[in-house]
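1. I need the structure of the sequence given here:
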Amino acid sequence: PKPEAKPPEPVKPPQKSEAAAAQEAEQKRQELAKLAEDAEIASKAKQAEEQAKAAAKAKAEADAQQAKAKADAKAKADALAKAEADKAAKEQAEAAAKAKAEAAAKAKLAAEAKAKQEAEAKAKKEAQIAKNFNATDIERLLQSKEKAQSTGSSAPQVNRTASLGTQTGSSQKLSPSLKAQLIGIIQDQLLKCWNVPIALANAHGNANVVPTVRMKLNTDGSLAAEPGVINRSADPLFQVAASSALTATRRCAPLRIPAQFAAYYDDWRDVVVNFDARDVL
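-> Here you go, the predicted model:
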């Protein structure tokens, strides 16, 4: 038999030189070193980024806390300022109300004192006027009045309170009905002007406190002379009644005398009126 042929041996790569091998090794080392450097750079960059994020977060939290503290402090200061303002306003309002009340009380006391002083002065003046009335004239007028009343009148209810003066022979005379009418007119005016004192109102019609006032009139109904009280009484209330009656007489002047009575002036130029509280209470 024929011998088998041997396969050809593989071609061996050419052997590198030592210089080439060394160069290749150096290149690999450099590549590895570069990879390590890049990895370190990347790690440092990541670490720096994380640190920056942490710092930013910490700063944001600190800023938020500072803003909250500032807002809380402002709210507290505002609340304190409002409380102080409210307190001051309340104190001011209370002080104003107190001052107003004190002023009102003082004004009331002053008004009461003034009214009392005026009333006392008025009563004193009227009492002096009543005291100064001539006693002889009083007696003469009382006698004249009693004589006139004894002759009578057709209107006794009205004549109980007022009467007209003495007539002259040459003047026109009022008829009994006209006389009663005129007396009623004069009486109504005077009693409307009379403010009956409280003490007199409580006297329950005491006949001892009925002052009789004589007045002389002009033709226009005005007073021709100062009116006067022509009777007297020991009752303590009489002077009060007399003063109020004189005040009413002055207040009512001039009396309104209807024109139809002008021709009878002599009949009403001298008027005597009894101020009896029973006629108005």
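
2. only C-alpha atoms for contact and neighbour calcs from this point on.
-> Will do.

3. in the protein, which spans are strands?
-> Listed in chain order, the strands of the chain (DSSP state E) span 162-164, 212-216, 228-229, 270-274.

4. so can I have TSV of these showing mean neighbour count?
-> Below are these laid out as TSV (neighbours: other C-alpha atoms under 10 Å):
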stretch	mean neighbour count
strand 162-164	24
strand 212-216	22
strand 228-229	26
strand 270-274	21
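
5. nearest to Val196, out of the ones you listed?
-> strand 270-274 (13.3 Å; C-alpha to C-alpha).

6. what's the angle from that closest one to strand 212-216?
-> If you take axes from the mean of the first three to the mean of the last three C-alpha atoms, to 10 degrees, strand 270-274 sits at 160 degrees to strand 212-216.

7. what helices or strands is strand 270-274 leaning on?
-> strand 162-164, strand 212-216 (3 or more C-alpha pairs under 8 Å, 6 or more residues apart in numbering; DSSP states H and E).

8. for the strands of the chain, which one sits closest to Gly184?
-> Among those, if distance is taken as C-alpha to C-alpha, the winner is strand 162-164, at 8.1 Å.

9. for that closest one, give the mean pLDDT please.
-> What strand 162-164 shows for mean pLDDT is 59.

10. now stretch 48-61
-> Mean predicted lDDT for stretch 48-61 stands at 92.

11. if I look at Ser17, how far off is Arg269?
-> Using C-alpha to C-alpha, to the nearest Å, we find Ser17 at a distance of 175 Å from Arg269.

12. neighbour count: those two, which is higher?
-> Using other C-alpha atoms under 10 Å as the criterion, Ser17 and Arg269 rank with Arg269 on top: 19 against 9.

13. for the residue nearest to the more buried one when sequence neighbours are not counted, which residues count as its bridge partners?
-> Leaving out its chain neighbours, the residue that sits closest to Arg269 by C-alpha to C-alpha, 6 or more residues apart in numbering is Leu217, at 4.8 Å. Beta bridges link Leu217 to Leu223 when assigned by DSSP bridges.

14. Leu217 and Ala224 touch, don't they?
-> Yes: judged on C-alpha atoms under 8 Å, Leu217 makes contact with Ala224 at a distance of 4.9 Å.

15. give me the more crowded residue out of the two.
-> Leu217 (22 against 15).

16. contact partners for the more buried one?
-> When contacts are counted by C-alpha atoms under 8 Å, 6 or more residues apart in numbering, Leu217 touches Leu223, Ala224, Ala225, Trp268, Arg269, Asp270, Val271.

17. from Asp270, how far off is the first one?
-> Going back to what we said before, that points to Leu223. 10 Å.

18. quickly list what's touching both of those two.
-> Met215, Lys216, Leu217.

19. with adjacent residues omitted, what lies nearest to the second one?
-> Same thing as Lys216. Using C-alpha to C-alpha, 6+ apart, the closest residue to Lys216 is Asp270 (4.6 Å).
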